[in-house]
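Visitor: 3D, please:
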Amino acid sequence: MYKDILLAVDLGHPEDEEDAVRTVVEYARAFKSRVHIITVVPDFGMSLVGSFFPKGFEQGALAEADKQLHAYAQEKFPDEITRRHIVGHGVIYKEILHYAGVVKADLIVMSAHRLGLEDYLLGPNAARVVRHADCSVLVVRQGDAPR
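Guide: You can find the predicted model right below:
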């Protein structure tokens, strides 16, 4: 059913990704899917902000994110699951949507992060991805994954 699954992970909070990862592993096994794991390094936005960081800081951050993503995937995914690692750079939800198109994802999987407000159901990135994606989106809440 799902040939290509794009999993968006926040490496700054890997503990919040556990249920989404478990879900993707189960889906990938069941459907023999390829998994594309993306993390996004936000850009500095205004050039004024970037001027406060040392030269080459952004490139170093991207390289470090790539290293961390490979280590994370190696730890969390069994070897039999075909996977690809993607480090996006820019606005988080836009990068997720962009790469969903690039890899021709049938499904995007994201974690839901509650920010403490009872009526706030999804974080802003998950809400935007759900609203604008051209494919199905599965938002996994903590405690919802198969065990």
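Visitor: Give the rounded mean pLDDT of the longest helix seen in the chain.
Guide: The residue-count maximum for a helix in the chain (DSSP state H) belongs to helix 57-76. Regarding helix 57-76, the rounded mean pLDDT is 92.
Visitor: Going forward, count from 32.
Guide: I'll keep to 32 as the first residue from here, and by that count the last item is helix 88-107.
Visitor: is it fair to say residue 67 lies in a helix?
Guide: No - judged by DSSP: H, G, I helix; E, B strand; the rest coil, residue 67 forms no part of a helix; its state is strand.
Visitor: residues contacting the nearest residue to residue 155 once chain neighbours are set aside?
Guide: Nearest non-adjacent residue to residue 155, counting by C-beta to C-beta, 6 or more residues apart in numbering: residue 124, 7.5 Å away. The C-beta positions use only the backbone N, C-alpha and C, and glycine is treated the same way. Counting by C-beta atoms under 8 Å, 6 or more residues apart in numbering, residue 124 makes contact with 155, 156, 159, 160, 163.
Visitor: For burial, what's the neighbour tally of the first one?
Guide: In other words, residue 155. Residues near residue 155, counting by other C-beta atoms under 10 Å, number 12.
Visitor: Can you get me a residue count around residue 158?
Guide: 15.
Visitor: Also residue 157?
Guide: Residue 157: 22 neighbours (other C-beta under 10 Å).
Visitor: Please identify the helix or strand for it.
Guide: helix 155-163 (DSSP states H and E).
Visitor: hey, where'd the strands end up in this protein?
Guide: Applying DSSP state E to the chain gives strands spanning 35-39, 65-72, 114-120, 138-142, 167-171.
Visitor: For those strands, could you give me JSON lines that also reports distance to residue 107 and mean neighbour count?
Guide: Shown next, in JSON lines, are those (distance: least, C-beta to C-beta, whole Å; neighbours: other C-beta atoms under 10 Å):
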{"stretch": "strand 35-39", "distance to residue 107": "10", "mean neighbour count": "26"}
{"stretch": "strand 65-72", "distance to residue 107": "9", "mean neighbour count": "22"}
{"stretch": "strand 114-120", "distance to residue 107": "10", "mean neighbour count": "18"}
{"stretch": "strand 138-142", "distance to residue 107": "13", "mean neighbour count": "24"}
{"stretch": "strand 167-171", "distance to residue 107": "14", "mean neighbour count": "18"}
